[in-house]
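**Student:** sequence unavailable; structure follows:
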């Protein structure tokens, strides 16, 4: 259950289990706690549906675990079946399992542990958005949503406090921002061990309260990259001693030994499926990283996936494809592409859907994609050019939306009343992450799984290359044009202090193009008409003779950090 990232071995239950046993053997009062999403992400889950994961967690010596959204990927009945074999305590206080007898006595709202004569309560909770991020809950429901979503968790903590438990820890699968809200709303909570947002916290977030107490928030990131070792000291009044709170993140690398018992469990399960998952079906000429999914542009890995989705849907008339970033779990290594690596990258059992939607719905979809930047909701695309302003208010960020007209092979503005044929995974189409595709028509549910579509793409193309990232671009209000006289115009640039050089570009049309060193900007048919160097000043001005009715753009570059930003497209029209 390790995986390879840029030729480096990362994570793995056997390595994490080895470290847990080491800490438990040498440390008193040590608990192994997990904040959820133990299912998914490997071929072992694809074939065994969680059986292998639960066996491994038992062997790792887990004490407490809370449920994540991906535990429901094969439905609640499968979840109950797998968790019934757990030797650790499963906690959650804001899910209603009452419609399923299989969960009777399986999940507790909390557990109280006595450590060194002191009672500490651990309360489990999950994100109130579980209904949006998991479409396979069936009759499991979250007990509160909206602005008061935290109330069931707060009530549980207050009740425990009133019953003499003065040390309370939440184990949550809510995300770091929700954890901050929980800390603020429930001051009697001493610590929050969180998950869901894949946030790597190098040090605890401390939330202070009016009564002098504090809440420490910790999270280890994702994919088993780190084991967090939290030291949580309390004073005599039951409050944490903030200066002594420590949270060490231990990287799970190839140098860490593997626990033999856990390794044997994994090997036993891998053996029957080894021929299938190790089958080589193609090659990648480059390393396509999943880590770049945090970019505000489109990124190479999902561009390739969108290309594969488009090819699968094109025979049904689709000209536009989408892929949500949360649906892509690992990258593609340079070298062999195997069935197993594709299953790890695209592990979810989402099939493809083709439908026709209006241009108005296209705009709404892209606005939804851009509400949180960046996030698992962000959609990468094929057949669209998206130019947006991240500093604008939510739902008012798309500045230009162009589609590839298959008849002219040119990008043209999307028209709200026209219909466009799209293809994407069923999770997103059916409302995952809060998407609404409006009044669609001519829908076709394809039997093709997303992973199968990518497999077919690799088999067809054999060698995967490095695509240009020129589909989605953020633009910023950093440049303005003013007419100074008949021959020259003043160009004023702001927010320039973080950059060392810049370009003035001229183009015939709005679009997305690339310049050397991966500089991306919102023009096509362009030429560079001026390159300039910047000092530490926040503002920069120069005069230049511009052509009437042409578009212009400023690109600012930081050579050290290797990043750049582009201005809004500037249309120069004389006032005469």
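**Tutor:** Done, it's in. What you see is a predicted model; the values in this text were computed from it and never measured.

**Student:** only C-alpha atoms for contact and neighbour calcs from this point on.
**Tutor:** Noted.

**Student:** please enumerate the strands of the stretch 251-400 of the chain.
**Tutor:** With DSSP state E, counting those that start in this stretch as the criterion, the stretch 251-400 of the chain has strands at 280-284, 320-324, 335-338, 351-358, 379-382, 384-388, 398-405.

**Student:** now render the ones you listed as CSV, adding mean pLDDT, mean neighbour count and distance to residue 88.
**Tutor:** Putting the strands of the stretch 251-400 of the chain into CSV (pLDDT from 0 to 100; neighbours: other Cα atoms under 10 Å; distance: least, Cα to Cα, whole Å) gives the following:
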stretch, mean pLDDT, mean neighbour count, distance to residue 88
strand 280-284, 96, 18, 38
strand 320-324, 97, 25, 33
strand 335-338, 95, 19, 35
strand 351-358, 98, 23, 34
strand 379-382, 97, 26, 37
strand 384-388, 98, 25, 47
strand 398-405, 97, 18, 48
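
**Student:** wait, which of the ones you listed is closest to residue 149?
**Tutor:** strand 320-324 (25.7 Å; Cα to Cα).

**Student:** just checking, what packs against that closest one?
**Tutor:** helix 300-314, strand 379-382, strand 419-425 (3 or more Cα pairs under 8 Å, 6 or more residues apart in numbering; DSSP states H and E).

**Student:** low-confidence ranges, the stretch 201-350 of the chain, go.
**Tutor:** 291-293 (pLDDT under 70).

**Student:** centroid-nearest residue for this protein?
**Tutor:** residue 376 (3.4 Å; Cα atoms, centre = their mean).

**Student:** contact partners for that residue?
**Tutor:** 324, 325, 326, 327 (Cα atoms under 8 Å, 6 or more residues apart in numbering).

**Student:** please identify which of those is nearest to residue 565.
**Tutor:** Among these, and counting by Cα to Cα, the member closest to residue 565 is residue 325, at 22.0 Å.

**Student:** could you list the low-pLDDT ranges of the stretch 51-200 of the chain?
**Tutor:** For the stretch 51-200 of the chain, no range has pLDDT under 70.

**Student:** strands along that one, start to end?
**Tutor:** Under DSSP E, counting those that start in this stretch, the stretch 51-200 of the chain gives strands at 64-66, 89-91, 95-96, 110-115, 118-126, 141-142, 168-173, 191-194.

**Student:** grab the nearest non-local neighbour of residue 257.
**Tutor:** residue 15 (5.9 Å; Cα to Cα, 6 or more residues apart in numbering).

**Student:** so that neighbour touches residue 252, yeah?
**Tutor:** Yes. Residue 15 is within contact range of residue 252, at 6.9 Å (criterion: Cα atoms under 8 Å).

**Student:** those two: which is more packed in?
**Tutor:** The neighbour comparison of residue 15 against residue 252 (other Cα atoms under 10 Å) goes to residue 15, with 26 against 21.

**Student:** returning to that earlier point: dump the contacts of residue 376 into CSV; add distance to residue 64 as well.
**Tutor:** Shown next, in CSV, are the contacts of residue 376 (distance: Cα to Cα, whole Å):
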residue, distance to residue 64
324, 31
325, 30
326, 26
327, 27
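
**Student:** who wins for neighbours among these?
**Tutor:** Busiest of the contacts of residue 376 [other Cα under 10 Å] is residue 324, holding 22 neighbours.

**Student:** residue contacts, the spatially closest residue to that residue that is not a sequence neighbour?
**Tutor:** Nearest residue to residue 324, sequence neighbours excluded (Cα to Cα, 6+ apart): residue 379, at 4.5 Å. Residue 379 sits next to 322, 323, 324, 325, 366, 369 when contact means Cα under 8 Å, 6+ apart.

**Student:** pLDDT at residue 552, what is it?
**Tutor:** pLDDT recorded at residue 552 is 92.

**Student:** what packs against whichever strand or helix holds it?
**Tutor:** Assigned by DSSP states H and E, residue 552 falls within strand 551-558. Judged by 3+ Cα pairs under 8 Å, 6+ apart, the packing partners of strand 551-558 are strand 501-515, strand 519-533, strand 563-567, strand 570-571.

**Student:** any idea which of these gets closest to residue 265?
**Tutor:** strand 563-567 (44.9 Å).

**Student:** the closest one packs against which elements?
**Tutor:** Strand 563-567 packs on strand 472-476, strand 519-533, strand 551-558, going by 3+ Cα pairs under 8 Å, 6+ apart.

**Student:** got the contact list for residue 90?
**Tutor:** Neighbours of residue 90 in contact, by Cα under 8 Å, 6+ apart: 64, 65, 66, 67, 106, 107, 108.

**Student:** okay, the helices and strands packed on strand 563-567, which one's buried deepest?
**Tutor:** strand 551-558 (a mean of 25; mean count of other Cα atoms under 10 Å).

**Student:** for residue 42, give me its contacts.
**Tutor:** So residue 42 contacts 1, 340, 343, 344, 347 (Cα under 8 Å, 6+ apart).

**Student:** dump the helices and strands packed on strand 563-567 to a markdown table, plus distance to residue 392.
**Tutor:** Listed next are the helices and strands packed on strand 563-567 as a markdown table, based on distance: least, Cα to Cα, whole Å:
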| stretch | distance to residue 392 |
| --- | --- |
| strand 472-476 | 9 |
| strand 519-533 | 17 |
| strand 551-558 | 19 |
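
**Student:** right, so of the ones you listed, which gets closest to residue 38?
**Tutor:** Comparing the helices and strands packed on strand 563-567 under Cα to Cα, the one sitting nearest is strand 472-476, at 32.5 Å.

**Student:** the next helix-or-strand element following the closest one: partners in the sheet, and parallel or antiparallel?
**Tutor:** Going down the chain from strand 472-476, the next helix or strand is strand 479-483, by DSSP H and E. Its sheet considered, strand 479-483 pairs with strand 489-493 (antiparallel) by DSSP bridges.

**Student:** ok, residues contacting the partner strand?
**Tutor:** So strand 489-493 is contacted by 478-484, 539-546 (Cα under 8 Å, 6+ apart).

**Student:** centre of the chain versus that strand, how much separation?
**Tutor:** 38 Å (Cα atoms, centre = their mean, to the nearest Å).

**Student:** just to revisit the earlier point, which members of the contacts of residue 379 are the farthest-apart pair?
**Tutor:** 325 and 366 (13.4 Å).

**Student:** the helices in the stretch 51-200 of the chain, which residues?
**Tutor:** 51-60, 75-83, 130-133, 151-162, 176-185 (DSSP state H, counting those that start in this stretch).
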